[in-house]
Each structure stands twice: as C-alpha cells, then as structure tokens.
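Participant: the sequence and its predicted three-dimensional model are supplied below.
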Amino acid sequence: MAIYKLNSDSFFLLPETTFQSEKILERRDLQRLLRQQPEIVSPNTLIIAEEFGEWEDSRKRIDLLGLDKQARFVVIELKRDETGSHMELQAVRYASMVSTMTFEKVVEIYKEFLEQTGQQKDAREELLNFLEWDEPKKSEFASDVRIVLAAAEFSKELTTSVLWLNERDLDIRCVRLKPYKADHQILVDVQQVIPLPEAEEYQIRVREQTEQRREARRDEKDFTKYSFQNQTYNKRNLVLAVVKALLQKSPNLTSDSLDKLFPDEISVFRPIKEAEEIFQKNKIRRHFLDEEDIITTSDNQRVVVSNQWSKRKIDIFREAAGKMGFSISEIL
C-alpha cells in the first residue's frame, strides 16, 4: 500500500514510518486516542473499561473493553509496531473470560470507568441509552463476544490463525494502523484487512445460516423425554409445566422475582408484547403464545415461556428447578 500527496504537477510518495520512531506510545497515545474514538477500529462501540482485568491473574488485562449496538462485548487488543505474535490467542482467552458477565456487573465496571475518566454520567442510564433499551434484556445481553485486533502489521501466522478461527464461528477483525509521514504531520492509514469489508456481510449471513442448520440438527436428534409430577414431557413442554407448577406453588411471585429464580444463561420468560413482535417478524413461534399458556404474575404482568431449548440449557433449567424443590428425571 502506498499513499501519495497530490501536488499541482505531480504525485509525491509519502514515506512510511513507525509509531516507535515517532515516539508514539501504545498505551499513553494509541490506546488513549482509541478509547476516545473507538469507531476508528470498531464502529458503533461504547468503551466500558480500559486495562480491564477483574480476574485472579491481574497481569492479564484487556486493552479496551466495549459493547456494540447488538449488546455484544467487544475485546480490543492493540500492538504498536509488532506483528502481534499470539495476540489472537490472548484475545480469545480474554473473550472467554468476559463472556459470562451480566448487565448489572457491566454497570459496575462502566461506573468505575466513567469515574476514572472524569465523566459525570449515570452508568446504567448511559448503557440503556446506547443500547436503545428501556430496561435490561437478559436474553439479548452478551449473546456473543467480538474481537478486534489493531496493529501496524500482522504476521502471516496470525492472519492464518484468524481466518481459521473465523471459519469456526468466531468474530475476529484485524485492523491495520499504518503510519506515514507528511512534512511534520503523521497520517494513519486505517484498513480492516480481515475480513475484507466487502466480504463481511456475506460471511455474517453464512454464519447465521450455519448456526440455524446446526440448531435444527441438534433439535432433530434430541428426542429425550422427562418425567415430572408423574407426567412425560419433551424439553419445551417440560419448561412450561414446571413454570405453571411454580406459579401454583408460589402464586404471589412478581414478574421480576420470577425471572430472578433462574440463571442469566437461560431466557425463560419474555413479555408477551415482545414475543408477539418476534413472531410477527420471523413467523416462527419461539414462545408459548396460546391464551391458556400465558403466565399472569401477581403484579399483573403477562409473560410467555420460551419453547427454544437446547440440551445444555435444559440441563441448566433442570438444575435451577431442582433447587426450588421440583423433581425432574430423564427417561432413558
């Protein structure tokens, strides 16, 4: 790649330089500037933490941690001049570490970040405004983690690894920040090199189709039956039966307290209005929408139960139900 300065009578080739030779530091300069303008490497991203490392090994820290408009975490890792050896593996490790964080935990982290950067803002309100939500949506929050690697150069080994990982449904982007010198100014050529922008939308569609086929295959193969209160159920009907039994056992439960009984990893309920909107949009019944299956809580909120259950999530549900005193056994 070459960049030219256009004069009245010629093109003038701008010389390449390095951040190091220009005394531009990784953390003090590049990281600080990208913290303020994350759209340079990751559009539609809100930075919620810098040098994040709330785990046992405090030496491992994420350069910048953000959220995008789809409520996915964005792990941004920076390298000033190096080719980024092993940075993709490091970023994958970080992604796995943050993937289970809840919305309330993120509010705490973002609040600390706002205080550290001298911003007098309400963390919860800012997050909800950015996501365009009226209230937290546990079923949609942190559904995935994106990774952005930003460096002056990328080794062939790294790009090969990233391409391989992306083929296996990870979302990793490599953004090259190439500095050039023009008189006394530093120009930076910013290019997303993986995936190429024109191929990204196609790759997203392929990934979605692959996941849909994978889910369909899993559902087709799983004919497991469950015994609950002397009745036999499949996965989806088991969940509905347990929820109805729970409301009979504790009729004073509010919608909020009912939701908190189950772990954040699973989405058991959804307000009926949202569920109907999903049905109208996709023409797929992802919830029990028949009138006799609609749940009315003690605070007069009408919610519906999800009928989308993988083997892993039904096991989480069964464990939670067991803690409430319900006995569920798998029929072999």
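Facilitator: Thanks, I have it. All figures in this text were calculated on a predicted structure; none of them were measured in a lab. Numbers count the residues shown, from 1 in each chain.

Participant: and the gap between the closest residue to residue 60 other than its chain neighbours and residue 26?
Facilitator: Take residue 60 and drop its neighbours on the chain: the residue closest to it by CB to CB, 6 or more residues apart in numbering is residue 53, 5.9 Å away. To be clear about C-beta, it is placed using only N, CA and C from the backbone, and glycine gets the same treatment. Noted for residue 53: a distance of 16 Å to residue 26, by CB to CB, to the nearest Å.

Participant: do residue 264 as well
Facilitator: 35 Å.

Participant: next: residue 271.
Facilitator: 46 Å.

Participant: neighbours around the closest residue to residue 297 other than its chain neighbours, how many?
Facilitator: Computed as CB to CB, 6+ apart, the closest residue to residue 297 that is not its neighbour in sequence is residue 255, at 4.4 Å. For residue 255, the neighbour count with other CB atoms under 10 Å is 18.

Participant: same question for residue 280.
Facilitator: For residue 280, using other CB under 10 Å, the count is 8.

Participant: show the contacting residues for it.
Facilitator: Contact analysis of residue 280 by CB atoms under 8 Å, 6 or more residues apart in numbering lists nothing.

Participant: my guess is it is in a strand, correct?
Facilitator: No: per DSSP: H, G, I helix; E, B strand; the rest coil, residue 280 lies outside any strand segment and is helix.

Participant: separation between it and residue 289?
Facilitator: From residue 280 to residue 289 the distance is 11 Å (CB to CB).

Participant: where's residue 274, which helix or strand?
Facilitator: Following DSSP states H and E, one finds residue 274 within helix 272-282.

Participant: just how off-centre is that helix within its chain?
Facilitator: 22 Å (CA atoms, centre = their mean, to the nearest Å).

Participant: which positions in that helix come out as buried?
Facilitator: Residues of helix 272-282 classed as buried by neighbour count (16 or more other CB atoms under 10 Å): 272, 275, 278.

Participant: on that earlier part again, my guess is the residue nearest to residue 297 contacts residue 301, does it?
Facilitator: Yes: counting by CB atoms under 8 Å, residue 301 is a contact partner of residue 255 at 3.8 Å.

Participant: quick one: average pLDDT of stretch 168-184?
Facilitator: For stretch 168-184, the mean pLDDT works out to 89.

Participant: dump that stretch to PDB, restricted to CA.
Facilitator: C-alpha atoms of stretch 168-184 as PDB (Å, rounded to 0.1, in the frame of the first residue of the first chain):
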ATOM      1  CA  ARG A 168     -15.400 -21.800  13.100                       C
ATOM      2  CA  ASP A 169     -17.800 -19.100  14.000                       C
ATOM      3  CA  LEU A 170     -15.600 -16.700  15.900                       C
ATOM      4  CA  ASP A 171     -15.800 -13.000  15.100                       C
ATOM      5  CA  ILE A 172     -12.300 -11.600  14.900                       C
ATOM      6  CA  ARG A 173     -11.300  -8.500  12.900                       C
ATOM      7  CA  CYS A 174      -7.800  -7.300  12.100                       C
ATOM      8  CA  VAL A 175      -7.500  -3.600  11.600                       C
ATOM      9  CA  ARG A 176      -4.100  -2.300  10.300                       C
ATOM     10  CA  LEU A 177      -3.000   1.100  11.500                       C
ATOM     11  CA  LYS A 178      -0.200   2.100   9.100                       C
ATOM     12  CA  PRO A 179       1.600   5.500   9.900                       C
ATOM     13  CA  TYR A 180       3.000   7.800   7.200                       C
ATOM     14  CA  LYS A 181       4.900  11.000   7.500                       C
ATOM     15  CA  ALA A 182       3.800  14.100   5.700                       C
ATOM     16  CA  ASP A 183       6.100  17.100   6.400                       C
ATOM     17  CA  HIS A 184       5.700  17.500  10.200                       C
END
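
Participant: need the distance between the two termini of stretch 155-175.
Facilitator: Separation of the first and last residues of stretch 155-175 by CA to CA, to the nearest Å is 13 Å.

Participant: now stretch 136-150
Facilitator: For stretch 136-150, the end-to-end distance is 31 Å (CA to CA).

Participant: ditto for stretch 40-60
Facilitator: 24 Å.

Participant: residues of that stretch that come out buried?
Facilitator: Quick answer for stretch 40-60 (16+ other CB under 10 Å): 40-42, 45-50, 52.
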